[in-house]
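Q: fold the following, please.
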Amino acid sequence: MKIADVWWLVSLIIFPALGFAQSQELISRAEKEGEVNLYATMSVADFAYLAKAFKEKYPRINLRHISLPSSRQTARVMQEFRAGGVQADVLGNSPDTLLYLKQQGVVGAYRSPETKNLFPGAWDNDGFWSGITTDLLVTGYNPRLLSRAAVPKSYDDYLRPQLKSQIAVNRGVPYPLTGMVSLRGEEQGVAYFKKLSQQDLRLIGDFNHMVNLMAAGEYSLTGFMQVSKLDAMKRKEAPVDWVASPQTLATIASIGMVKNPLHPAGAQLLIDFYLSVEGQRALAAAGKIPIRKGVKSPSKDIDQVLESGNLHVIRPDGGYDKYMKIYNEYLGVR
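A: Now for the predicted structure:
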């Protein structure tokens, strides 16, 4: 037998054993800590799926979860940080928020070994955040008002004159701008959005309201719309359907570890669990779209897009406030 063949066989035995030993050591330390604290934007009802799966796997570790909207969570974390110490070990928020908290010295680096199983672009190269779920930005339409053949198939199709006043977008998040800047670069992305803003867009406050109004016939199209909301309505047989662009923009929900957490082993174990097969399946059971390769979402149609390899993840760049200002200015929002 060649030396290379011997080394290959030995590596199969040694490295999994080392990984198992490291995992067991981490579990033992986390069990001695006894608990891990999480602040997350996920609702209590949705989080219950992950909490149940975590408790089944780690019955000796108490997972404490506090659900807070993004802005309130950030305010609380900064208040605790200035008072001498953040009480959470792990934070669940948007990558933009975690990037801000990194810049403030709140979030520390931890690169989970599970990130290698995620879709490309779904983690921070320096380990300050990892994606846990995704949502795709697609074109939603009401098939009673518009045929599938007439639906825009690309972002440039949104600019067609005949679609003026027909497209609704979310006025609260700048995805039509930040997504195109991420995809095409600063100059071309801003130029595209300037043209789009001239389409007399229907400005709606949130994604749930957008899809409900479209199903009710208020307008025929929603642009840069979360596929999770559309597909859920479609499965309920509402007059709603969707089409993905050839380069489908994807947003992600993420988690990061607090710098010098109170329960460091528990924090690492929780992040690892979020990204594991068990954790991702629990999130899918809650209706979320998993970000780990090989774990199915609640929808076969969404899985086809995920597996196409045509995703473009919108990553944070520290310019959220700047783009929100441009977004509001072009849309005339005050």
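
Q: distance check, the nearest residue to Lys102 once chain neighbours are set aside against Asn260.
A: In space, and not counting its chain neighbours, Lys102 is closest to Phe128: 4.7 Å by CB to CB, 6 or more residues apart in numbering. Quick note: C-beta positions are derived from backbone N, CA and C, even for glycine. Plainly put, Phe128 is 14 Å away from Asn260 if you go by CB to CB, to the nearest Å.

Q: tell me which of these two has more neighbours.
A: Ranked by neighbour count (other CB atoms under 10 Å), Phe128 and Asn260 place Phe128 first, with 23 against 10.

Q: follow-up on the earlier one: so the residue nearest to Lys102 sits in a helix?
A: No: Phe128: not assigned to a helix; according to DSSP: H, G, I helix; E, B strand; the rest coil it is coil.

Q: ok, it - contacts?
A: Counting by CB atoms under 8 Å, 6 or more residues apart in numbering, Phe128 touches 98-99, 102, 107-109, 256.

Q: repeat that for 10 Å
A: Phe128 makes contact with 95, 98-99, 101-103, 107-111, 254, 256-257, 259, 316, according to CB atoms under 10 Å, 6 or more residues apart in numbering.

Q: burial count for Ala282?
A: The number of residues packed near Ala282 is 24, by other CB under 10 Å.

Q: okay, now the nearest residue to it once chain neighbours are set aside: neighbour count?
A: Nearest non-adjacent residue to Ala282, counting by CB to CB, 6+ apart: Ala53, 3.9 Å away. Here the number of neighbours of Ala53 (other CB under 10 Å) works out to 19.

Q: name the residues of stretch 42-59 that are buried.
A: 42, 46-47, 49-51, 53-54, 58 (16 or more other CB atoms under 10 Å).

Q: same deal with stretch 29-36?
A: For stretch 29-36, by 16+ other CB under 10 Å, it's 30, 33, 36.

Q: gap between that stretch and the chain center?
A: Its chain's C-alpha centre and that of stretch 29-36 lie 28 Å apart, by CA atoms, centre = their mean, to the nearest Å.

Q: swap in stretch 236-248?
A: In terms of CA atoms, centre = their mean, the centre of stretch 236-248 is found 19 Å from the chain centre.

Q: next, the distance between the ends of it.
A: Terminal residues of stretch 236-248 lie 24 Å apart, using CA to CA, to the nearest Å.

Q: again with stretch 208-223
A: 13 Å.

Q: quick one: buried residues of that stretch?
A: In terms of neighbour count (16+ other CB under 10 Å), stretch 208-223 has its buried residues at 210-215, 219-223.

Q: could you export those as JSON lines, including distance to Thr139?
A: Output for those, formatted as JSON lines (distance: CB to CB, whole Å):
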{"residue": "Met210", "distance to Thr139": "12"}
{"residue": "Val211", "distance to Thr139": "12"}
{"residue": "Asn212", "distance to Thr139": "17"}
{"residue": "Leu213", "distance to Thr139": "16"}
{"residue": "Met214", "distance to Thr139": "11"}
{"residue": "Ala215", "distance to Thr139": "15"}
{"residue": "Tyr219", "distance to Thr139": "12"}
{"residue": "Ser220", "distance to Thr139": "11"}
{"residue": "Leu221", "distance to Thr139": "7"}
{"residue": "Thr222", "distance to Thr139": "7"}
{"residue": "Gly223", "distance to Thr139": "6"}
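
Q: taking those residues one by one, which sit in strands?
A: Within the buried residues of stretch 208-223, residues falling in strands by DSSP state E are 221-223.

Q: all strands of the stretch 201-334 of the chain, in order?
A: 202-204, 221-226, 241-243, 248-258, 289-290, 311-313 (DSSP state E, counting those that start in this stretch).

Q: what is the nearest of the buried residues of stretch 208-223 to Val173?
A: Within the buried residues of stretch 208-223, the smallest distance to Val173 is 11.2 Å, found for Met210 (CB to CB).

Q: so the closest one makes contact with Glu218?
A: Yes: contact criterion CB atoms under 10 Å: Met210 and Glu218 qualify, at 9.5 Å.

Q: mutual contacts of the two, please.
A: Counting by CB under 10 Å, 6+ apart, the shared contacts of Met210 and Glu218 are 168, 202, 204.

Q: contacts only, for the last one.
A: Which is Ile204. By CB under 10 Å, 6+ apart, the contact list for Ile204 reads 168-172, 210-214, 218-219, 222, 225.

Q: same thing with Gly287?
A: Counting by CB under 10 Å, 6+ apart, Gly287 touches 45-46, 49, 133, 228, 231-232, 297-299.

Q: make TSV from those residues and add pLDDT and distance to His312 to it.
A: Below are the contacts of Gly287 laid out as TSV (pLDDT from 0 to 100; distance: CB to CB, whole Å):
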residue	pLDDT	distance to His312
Ala45	92	31
Asp46	92	26
Tyr49	97	28
Thr133	96	17
Ser228	93	17
Asp231	94	19
Ala232	91	23
Ser297	93	18
Pro298	87	22
Ser299	92	20
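
Q: of those residues, just the buried ones, PyMOL syntax please.
A: To isolate the buried ones among the contacts of Gly287 in PyMOL, judged by 16+ other CB under 10 Å, type:
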select buried, resi 46+49+133+228+231+232+297+298+299
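
Q: which of the contacts of Gly287 lies closest to Asp124?
A: Among the contacts of Gly287, and counting by CB to CB, the member closest to Asp124 is Thr133, at 15.8 Å.
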